[in-house]
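Novice: Fold the following, please.
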Amino acid sequence: MRGTVMRWAGLIAASCALSPVLVALGVPSGPLFAALLCAAALALAGRAPGDVPRGLSLAAQGVLGVYIGTLMQSHTLAALGSRWTAALLVGFATLLLSVAAGALLGLHRSIDSLTGSLSLVAGGASGLVAIARELGGDERTVAVVQYLRVGMVTASLPLVAALYPHAAGASSGIETGPDRPWWFDLAVVAVCTGAGGAIGVASRLPAGGLLGPLVLSLAGNLTGLTAGSTVPAWLVFVGYLTIGWQAGVGFTRASLRSMARLLPWAAGLIVAIGAGCAGLGFALSAMTGVSALDGYLATTPGGLYAVLAVAASSNVDITFVVAAQLIRLLLMLFLAPAAARGFRRWRAGTADIVSRPSELTNEASR
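Specialist: Predicted coordinates for the structure are as follows:
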């Protein structure tokens, strides 16, 4: 017992020490990535403290769901105006593109089709890592490939955006809701996490621990009941750490060797997704009349905070970009798990049909 406590203390200390370093370096979701690295290092050294308790894991999912829900405000959605149909169509196209790429990744002998599909979903990396185990996927592979995607998109975004013609300067700002006291923010998190999680589980919603709180948080913001509320930064930090530990403690040397063989194939597919999304950006520009740069920033497959940084230094419609990006994020989190499961069932059914002729032949030969 004492040994387990000491291992957890060491993991917590190491994760808290590495997190600010990664944040300073601009690593997306730095605390989650720090926790993942520290937990994986201890696991590979045979010093992992054990699995994260399920209650703590569900609480972290709930906090993350509430946090995502607070990003979508009614005035942000209103910024789309009559262009919401085009943004929705492009979001669906991005989902199909990423699931198709994930299906190709699932053909690799190192992983199964469900894990491949979840690994390349273009959005909601931290949420997908949090729910991968519940959906039946390998959360370690999902975490590594998802953050490879986020890293590649984030690193390339400023370089690619510079190729588009645009005028430097301040973009239109994003409105914020009324400031709320700290106790109101904590109450919103507690109610949405508790009630949303219970509703999600009772309704058998895929990944209900994340999506239930997200739905309640989103509804509260869009109706104005909780507009302006935020999830305390320290609570988001703890949630990220928990999700990173959950994925990291299961690493083994065998799984690491398997991922090393997988990553070049995954990187190639990530480049293909990025190129496809750039094409969708041009299509969005043509459908809505926004600039090509607006279209590109609105359709990048990840790197939301890098998108905001580039948009803030360019003369673009930042509210349109943010609204389109959040629609993509919500579509990925709500529909990708169902799409990945559907693909796995379809593939299993196809394999069963293919195997039947050989079984019939064997029966006849007897």
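Novice: Just say helix, strand or coil for residue 229.
Specialist: coil (DSSP: H, G, I helix; E, B strand; the rest coil).
Novice: Now for the closest residue in space to residue 43 that isn't next to it in sequence, how many residues are close by?
Specialist: Nearest residue to residue 43 in three dimensions, chain neighbours excluded: residue 251, at 4.4 Å (CB to CB, 6 or more residues apart in numbering). Every residue, glycine included, has its C-beta placed from N, CA and C. Residues lying near residue 251 (other CB atoms under 10 Å) number 22.
Novice: same thing with residue 100?
Specialist: Residues lying near residue 100 (other CB under 10 Å) number 18.
Novice: hang on, the residue nearest to residue 43 is in a strand, isn't it?
Specialist: No: under three-state DSSP, residue 251 sits outside any strand and is assigned coil.
Novice: Am I right that it is in contact with residue 40?
Specialist: Yes: between residue 251 and residue 40 there is a contact under CB atoms under 8 Å: 4.1 Å.
Novice: what is in contact with these two at once?
Specialist: residue 140 (CB atoms under 8 Å, 6 or more residues apart in numbering).
Novice: where are the low-confidence patches of the stretch 151-300 of the chain?
Specialist: Counting by pLDDT under 70, the stretch 151-300 of the chain shows low-confidence ranges at 165-179, 205-207.
Novice: gap between the residue nearest to residue 43 and residue 9?
Specialist: Residue 251 sits 20 Å away from residue 9, going by CB to CB, to the nearest Å.
Novice: Give the closest residue to residue 193 in space, chain neighbours not counted.
Specialist: For residue 193, ignoring the flanking residues on the chain, the nearest one in space by CB to CB, 6+ apart is residue 62 at 3.3 Å.
Novice: State the phi and psi torsions of the residue nearest to residue 43.
Specialist: Here is the backbone geometry of residue 251 (degrees, to the nearest 10): phi -70, psi 140.
Novice: Which residues are in contact with it?
Specialist: Applying CB under 8 Å, 6+ apart, the residues contacting residue 251 are 39-40, 43-44, 140.
Novice: For residue 2, the count of nearby residues, please.
Specialist: By other CB under 10 Å, 6 other residues sit near residue 2.
Novice: scratch that, residue 14
Specialist: There are 17 residues near residue 14, going by other CB under 10 Å.
Novice: try residue 285
Specialist: By the measure other CB under 10 Å, the count of residues near residue 285 is 19.
Novice: For residue 200, see how far away it is.
Specialist: Distance from residue 285 to residue 200, by CB to CB: 37 Å.
Novice: now residue 253
Specialist: 36 Å.
Novice: The two - which one has more neighbours?
Specialist: The neighbour comparison of residue 253 against residue 200 (other CB under 10 Å) goes to residue 200, with 25 against 9.
Novice: so the more buried one touches residue 209, yeah?
Specialist: Yes: the criterion here is CB under 8 Å, and residue 200 meets it with residue 209 at 6.1 Å.
Novice: In the stretch 51-200 of the chain, mark out all the helices, start to finish.
Specialist: For the stretch 51-200 of the chain, applying DSSP state H, counting those that start in this stretch gives helices covering 54-71, 74-78, 84-105, 113-119, 125-135, 139-161, 182-202.
Novice: So which elements touch the longest one?
Specialist: Using 3 or more CB pairs under 8 Å, 6 or more residues apart in numbering; DSSP states H and E as the contact criterion, the secondary-structure elements in contact with helix 139-161 are helix 30-44, helix 113-119, helix 125-135, helix 233-248, helix 253-288, helix 292-299, helix 304-312.
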